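*Asks:* Could you look at this predicted model? Sequence included:
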Amino acid sequence: MKTQLATVVGSAVLTAATVLGAPAAGAQTAAYPTTPITNVSYGASYISGALTWYNRSVGVDGALRAVGCRRAWVGTYDASGNPLGAKSTSTKCDVTYSLDGFPPVPADVPGGAAYVVVCLDDASASSLDCELFYRP
């Protein structure tokens with residue numbers, strides 16, 4: 001009986017030591033929120049992809065499909081509607097152009113941009129279609 005009890009107690013102590021000696025789970029950083037870019041189109045031209053909401057900028061990934069000559073324009077705004085920053089591509093003609101290397105759009109205020117406007121422009125930078133996307 002004592003041997004069985006000693007075995008059970010010894011096993012319990014060994015298990016407790018293993019659990020208590022295990023390193024704590026590492027702190028996980030939350031991923032930045034993203035918003036899909038949808039409904040920005042004019043004829044067969046469109047902008048698709050995603051916005052990534054960083055603390056003081058907004059990242060843009062995706063594609064500009066230009067039928068004819070088009071540009072992608074992205075502007076950031078604070079909660080009062082004040083512009084914070086803007087970036088655009090150069091004019092692209094009859095091509096699908098990757099926006100994955102698009103530089104982050106500045107939003108250098110505490111909390112970052114409240115919303116973003118994404119526009120599909122013509123070759124003269126006149127807007128053909130714009131959509132507003134709020135920070136999630």
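*Replies:* Thanks, I have the structure now. Numbers count the residues shown, from 1 in each chain.
*Asks:* C-alpha from now on. contacts and neighbour counts both.
*Replies:* OK.
*Asks:* so which helix or strand takes in residue 81?
*Replies:* No secondary structure element spans residue 81, as it lies outside all helices and strands (assigned by DSSP states H and E).
*Asks:* That one: neighbour count?
*Replies:* 11 (other Cα atoms under 10 Å).
*Asks:* Over to residue 31?
*Replies:* Other residues within reach of residue 31 by the criterion other Cα under 10 Å amount to 9.
*Asks:* Can you verify it is assigned to a strand?
*Replies:* No. According to DSSP: H, G, I helix; E, B strand; the rest coil, residue 31 belongs to no strand; its state is coil.
*Asks:* and the gap between the closest residue to residue 53 other than its chain neighbours and residue 73?
*Replies:* Take residue 53 and drop its neighbours on the chain: the residue closest to it by Cα to Cα, 6 or more residues apart in numbering is residue 33, 5.6 Å away. Counting by Cα to Cα, to the nearest Å, the separation of residue 33 from residue 73 is 21 Å.
*Asks:* Then residue 52?
*Replies:* With distances taken as Cα to Cα, residue 52 is found 16 Å from residue 73.
*Asks:* cool, and residue 37?
*Replies:* On the measure of Cα to Cα, residue 37 and residue 73 end up 12 Å apart.
*Asks:* again, but for residue 98
*Replies:* When distances are taken as Cα to Cα, residue 98 and residue 73 turn out to be 14 Å apart.
*Asks:* what's the answer for residue 83, then?
*Replies:* Taking Cα to Cα as the measure, residue 83 falls 13 Å from residue 73.
*Asks:* Can I get stretch 54-64 as PDB, trimmed to CA atoms?
*Replies:* As requested, the backbone C-alpha atoms of stretch 54-64 are provided in PDB (Å, rounded to 0.1, in the frame of the first residue of the first chain):
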ATOM      1  CA  TYR A  54      -1.800  50.900 -38.400                       C
ATOM      2  CA  ASN A  55      -1.400  53.400 -35.500                       C
ATOM      3  CA  ARG A  56      -0.200  56.300 -37.600                       C
ATOM      4  CA  SER A  57      -0.700  55.200 -41.200                       C
ATOM      5  CA  VAL A  58      -2.800  53.000 -43.400                       C
ATOM      6  CA  GLY A  59      -1.300  50.200 -45.600                       C
ATOM      7  CA  VAL A  60      -2.800  49.300 -49.000                       C
ATOM      8  CA  ASP A  61      -2.400  45.900 -50.700                       C
ATOM      9  CA  GLY A  62      -4.200  44.600 -53.700                       C
ATOM     10  CA  ALA A  63      -4.400  45.600 -57.400                       C
ATOM     11  CA  LEU A  64      -5.400  48.300 -59.800                       C
END
